[in-house]
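Novice: got a predicted structure plus its sequence, pasted below:
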Amino acid sequence: MQEIKDVYLTNETYAALRAELTRLIELPDVHDADTKVVSALGEVAGIWPESIKD
């Protein structure tokens, strides 16, 4: 298992990410929630899996 490393975001980015994820949770009929979460992580916080580098 790979070691988990802490990632520190600016307070502004962290607040924006929390707000977006909270908004997603509160939507009544979210289709493809995983894609929306991945998008929020990437677009709001710049957090991407290594696999997209290729």
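Specialist: Ah, there it is.

Novice: tell me which residues are up against the strand or helix carrying Ser39.
Specialist: If you go by DSSP states H and E, Ser39 is part of helix 33-45. Helix 33-45 is touched from outside by Leu9, Thr13, Tyr14, Ala16, Leu17, Glu20, Leu21, Leu24, Val30, Ile47, Trp48, with contacts defined as C-beta atoms under 8 Å, 6 or more residues apart in numbering. Yep, even glycine has a C-beta here, placed from its N, CA and C like the rest.

Novice: okay, buried residues for that helix please.
Specialist: For helix 33-45, the neighbour count (16 or more other C-beta atoms under 10 Å) marks Lys36, Ala40, Leu41, Val44, Ala45 as buried.

Novice: where does this protein have low pLDDT?
Specialist: The model of the chain has pLDDT under 70 over residues 30, 33.

Novice: need the helices for it, in chain order.
Specialist: According to DSSP state H, the chain carries its helices in the segments 11-26, 33-45.

Novice: extract the CA atoms of the last one and return them as PDB.
Specialist: When you say that, I think you mean helix 33-45. The C-alpha coordinates for helix 33-45 follow below in PDB (Å, rounded to 0.1, in the frame of the first residue of the first chain):
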ATOM      1  CA  ALA A  33     -21.400  11.900  -8.600                       C
ATOM      2  CA  ASP A  34     -17.800  10.400  -8.900                       C
ATOM      3  CA  THR A  35     -17.100  12.500 -12.000                       C
ATOM      4  CA  LYS A  36     -18.400  15.600 -10.200                       C
ATOM      5  CA  VAL A  37     -16.200  15.000  -7.200                       C
ATOM      6  CA  VAL A  38     -13.100  14.400  -9.400                       C
ATOM      7  CA  SER A  39     -13.900  17.600 -11.300                       C
ATOM      8  CA  ALA A  40     -14.200  19.500  -8.000                       C
ATOM      9  CA  LEU A  41     -10.900  18.200  -6.700                       C
ATOM     10  CA  GLY A  42      -9.100  19.000 -10.000                       C
ATOM     11  CA  GLU A  43     -10.800  22.300 -11.000                       C
ATOM     12  CA  VAL A  44     -11.100  23.800  -7.600                       C
ATOM     13  CA  ALA A  45      -8.100  22.500  -5.800                       C
END
